[in-house]
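*Asks:* the sequence isn't on hand, but the structure is:
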């Protein structure tokens, strides 16, 4: 399964159009190259609608949204839907401001997403229609633990049924689910939260994996979450042997993504079907 | 003293809202994470005014300002003042264009800053109302040396009295002062000028330190300047043992920030009270 | 020859104004510092026209263009022409959307460029007035090989005659030519295509080299192409001794640029005069 998903990415080199925030955009571009895809960024409406047509997938990340780019997101998302390109949403900080929350709901109303990836607070905001997001990090009260896992899985499946999208909730424990099936993934390392943009990077990687594996969004998204989390573990193993810090860790993380292969992924993925 | 300042940062993880330039924004975000804070960026007026309310501090950096973001800076700065959040100004390149100079003075008129950090040419522009800034670097004629140090300290104290802000002038010799007291700091390494955005990174770190240490802006700013400069020295020590260049140095710098602790800082800070 | 070109860069520290995309802007800034120049970015019309006057060169890179920045590019380009500053064009993705293609032709009509640098698909778009660019990468059908090299050289010389600009086409084999003389350069390594923004970085470096070597744009551009490509080779040599990946490679690349000197360049440049 995982072999085929990775093989398809490496063979097809999916071109992923990203309308994304300017904070982490360079890491997003380099993550796409590292994982076997190719990035292009365009956020002017006239440019983006045309650029998306030559691409294989679209990422909409609302991290540093503004009036101009919100209009581009809506119009480009619809265009990508017309072309049957997979579109992935990263609702960064939704719940933290009315503009972010409103934009998220406008996008959900007008654009069909194959996958929505966020932290648990962002995903809860989407479910509740309002949020308590503390900036771009999840609220402590929302965190998924072994104690509330069954409840969390039911919640994610339900949200998938409502939205028609695969939902990827990432944190210490990740859940990737559609309305019928949930994967619980325990890859990753807590130091990843000390690098800005790991969520943005993963979202783009999910888009590349979905683009290369049409009709298989749930498994493609789960494989991307495993591969990204495992890369974070391998990067930590490397860091632990040195006296380096968080910036070296960021480098090691993207390095590990660029060196991921099916054998490594199969040997290291911590995934269960619930 | 320094122990408490660092302890407060590590315990409170201050969330710092940055309206900052897109050139160095990723390093700013990762520096905030490395020093014990947390970043969020928002520059659309409707988003930013609301986002700043959930944060602990605000950074206004005019590096790639435009009409839209200038309006956001003014409105968000006033909102942060209402909320009594510390607001820190980085007047990047002020004096190099009328737009940058005018924006700086508009900001100084409408927003109260706890700290203003810049190179000596930028700070002189603020004092004189006009400047001779050569881009984003200080003019040679302005540089602070041991010969003109007394004069420079008097100038900085005077500017602090005028503006009501702690003034942090950084360069080979740093001065951090309010109207009564000045610290002269000699940490840092000249290779830091070969990395884009070290000033922006330091400004954000000052904001995190001030946010975690309310009522203690002078000492918090001075501690941040020492910690950042010392990180630059430790990064150079590491660089000197390798055949690496300026990009590795950037990584080592943020690594050192992420590993800074009170003992290291106390042992390495070169600060005198003038 | 090459000694003088590098010496001039190191002695003059040319200040390069970049109106460039936000994806790779930080790497562009750090590449300029690494190669011996100094960066400043400004893209608001009121700011940019004034900032360009204190600089030594201007880069116009259309990577994430929008209505506001297109107007700035045109106005600032004309101002730089009036001041006789070298202006370098990077037509990122031209041919991939009407907006990018139209902007390129508007720029070519209204601004005089000393050098235009692009991949072969972008350069062919400029010649044909329309393109088949697949995003930001060259089309396979366009690639320059030993088989079509003579034809490619003739094409590049002809385009230089038409535009009055030195043309730098970069890829596995690079051609840098004016209407009379062409250099064929075989430095570089294919892994460079796994780092986002190598083209943008090289374009900025060409601008720094041209600014420091007035009246010598062809040789300056060719030297920059050699130095950048050789840095890519040296970075690969370093990478090959480790288990690192593409993000470390990016660091090694900028490191190598920061350590380049005339002896290394003379020993490693693979250039022939055609």
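*Replies:* Great, that's in hand. In this text the structure is predicted, and so the values were computed from the model without any measurement.

*Asks:* for chain A, what lies in contact range of chain C?
*Replies:* Residues of chain A found near chain C (CB under 8 Å from any CB of the partner chain) are A:15, A:22, A:25-26, A:29-30, A:33-34, A:38-44, A:46-47, A:50-51, A:54-55, A:68, A:250-259. The way it works is simple: take the backbone N, C-alpha and C, and place the C-beta from them, glycine included.

*Asks:* which residue is nearest the centroid of chain A?
*Replies:* Closest residue to the average C-alpha location of chain A: residue A:203 at 2.0 Å, with CA atoms, centre = their mean.

*Asks:* got a list of what it touches?
*Replies:* By CB atoms under 8 Å, 6 or more residues apart in numbering or on different chains, the contact list for residue A:203 reads A:59, A:61, A:88, A:90, A:117.

*Asks:* would it count as being in a helix?
*Replies:* Yes - when the secondary structure is assigned by DSSP: H, G, I helix; E, B strand; the rest coil, residue A:203 falls within a helix.

*Asks:* so how far is residue C:52 from the residue lying farthest from the centre of chain A?
*Replies:* Distance from the C-alpha centroid of chain A, by CA atoms, centre = their mean, peaks at residue A:243 (30.3 Å). Remark: distance between residue A:243 and residue C:52 (CB to CB, to the nearest Å) = 44 Å.

*Asks:* buried ones in stretch A:56-73?
*Replies:* A:56-66, A:68-70, A:72-73 (16 or more other CB atoms under 10 Å in any protein chain shown).

*Asks:* model confidence at residue A:119, what's the number?
*Replies:* Residue-level confidence at residue A:119 comes out at 97, pLDDT.

*Asks:* could you find the closest non-adjacent residue to it?
*Replies:* residue A:138 (4.0 Å; CB to CB, 6 or more residues apart in numbering or on different chains).

*Asks:* and for residue A:153?
*Replies:* Going by CB to CB, 6+ apart, residue A:153 has residue A:182 as its nearest residue, at 4.7 Å.

*Asks:* isn't that neighbour right up against residue A:174?
*Replies:* No - at 10.4 Å, residue A:182 does not count as touching residue A:174 under the criterion of CB atoms under 8 Å.

*Asks:* related to what we said a few turns ago, report the buried members of the residues of chain A next to chain C.
*Replies:* A:15, A:22, A:25-26, A:29-30, A:33-34, A:38-44, A:46-47, A:50-51, A:54-55, A:68, A:250-258.

*Asks:* what does the stretch 101-250 of chain A have sitting close to chain B?
*Replies:* So the stretch 101-250 of chain A meets chain B at A:134-137, A:193-197, A:243-248, A:250 (CB under 8 Å from any CB).

*Asks:* among these, which two are most distant?
*Replies:* A:134 and A:243 (31.9 Å; CB to CB).

*Asks:* picking that back up, what's the neighbour count on the residue nearest to residue A:153?
*Replies:* Using other CB atoms under 10 Å in any protein chain shown, residue A:182 is surrounded by 22 other residues.

*Asks:* just the strands from chain A, written as ranges.
*Replies:* Assigned by DSSP state E, the strands in chain A fall at A:15-19, A:38-41, A:57-61, A:87-90, A:115-118, A:166-169, A:174-177, A:182-185, A:271-273.

*Asks:* list the contacts of the closest residue to residue A:228 other than its chain neighbours.
*Replies:* Using CB to CB, 6+ apart and skipping the chain neighbours, the partner closest in space to residue A:228 is residue A:202 (4.6 Å). Contacts for residue A:202 (CB under 8 Å, 6+ apart) come out as A:117, A:170, A:224-225, A:228.

*Asks:* contacting residues for the residue nearest to residue A:18 when sequence neighbours are not counted?
*Replies:* Sequence neighbours aside, residue A:59 is the residue nearest to residue A:18 in space, at 4.4 Å (criterion: CB to CB, 6+ apart). The contact partners of residue A:59, by CB under 8 Å, 6+ apart, come to A:16-20, A:28, A:87-88, A:90, A:203-204, A:207.

*Asks:* cool, and residue A:183?
*Replies:* A:174-177, A:218, A:222, A:225, A:271-274.

*Asks:* doesn't residue A:71 make contact with residue A:45?
*Replies:* Yes - counting by CB under 8 Å, residue A:45 touches residue A:71, with 5.9 Å between them.

*Asks:* one step back: quick check, pLDDT for the residue nearest to residue A:153.
*Replies:* 98.

*Asks:* wait, what's in contact with it?
*Replies:* A:153, A:156-157, A:175-176, A:273-274 are the contacts of residue A:182 under CB under 8 Å, 6+ apart.

*Asks:* isn't residue A:122 right up against residue A:95?
*Replies:* Yes - in this structure, residue A:122 is within contact of residue A:95 by CB under 8 Å, at 6.4 Å.

*Asks:* of these two, which one has the most company?
*Replies:* residue A:122 (31 against 25).

*Asks:* longest helix of chain A?
*Replies:* helix A:217-240 (DSSP state H).

*Asks:* what's the average pLDDT for that helix?
*Replies:* 98.

*Asks:* which strands and helices sit next to it?
*Replies:* If contacts are counted by 3 or more CB pairs under 8 Å, 6 or more residues apart in numbering or on different chains; DSSP states H and E, helix A:217-240 sits against helix A:2-12, strand A:115-118, strand A:166-169, strand A:174-177, strand A:182-185, helix A:198-212, helix A:246-259, helix A:262-268.

*Asks:* got the contact list for the residue of the stretch 51-200 of chain A found nearest chain C?
*Replies:* Here the stretch 51-200 of chain A gets closest to chain C at one residue, residue A:51, 5.3 Å apart by CB to the nearest CB. Residue A:51 is in contact with A:17, A:40, A:42, C:93, C:96-97, C:135, counting by CB under 8 Å, 6+ apart.

*Asks:* who wins for neighbours among those?
*Replies:* The contacts of residue A:51, ranked by neighbours (other CB under 10 Å): first place residue C:93, 33 neighbours.

*Asks:* could you check the pLDDT of that one?
*Replies:* Value for residue C:93, per-residue pLDDT: 96.

*Asks:* how close does it get to residue C:100?
*Replies:* Distance from residue C:93 to residue C:100, by CB to CB: 5 Å.

*Asks:* joint contacts of those two?
*Replies:* With CB under 8 Å, 6+ apart as the test, residue C:93 and residue C:100 both reach residue C:62.

*Asks:* any stretches of the stretch 151-274 of chain A with poor pLDDT?
*Replies:* Along the stretch 151-274 of chain A, segments meeting pLDDT under 70 are nowhere present.
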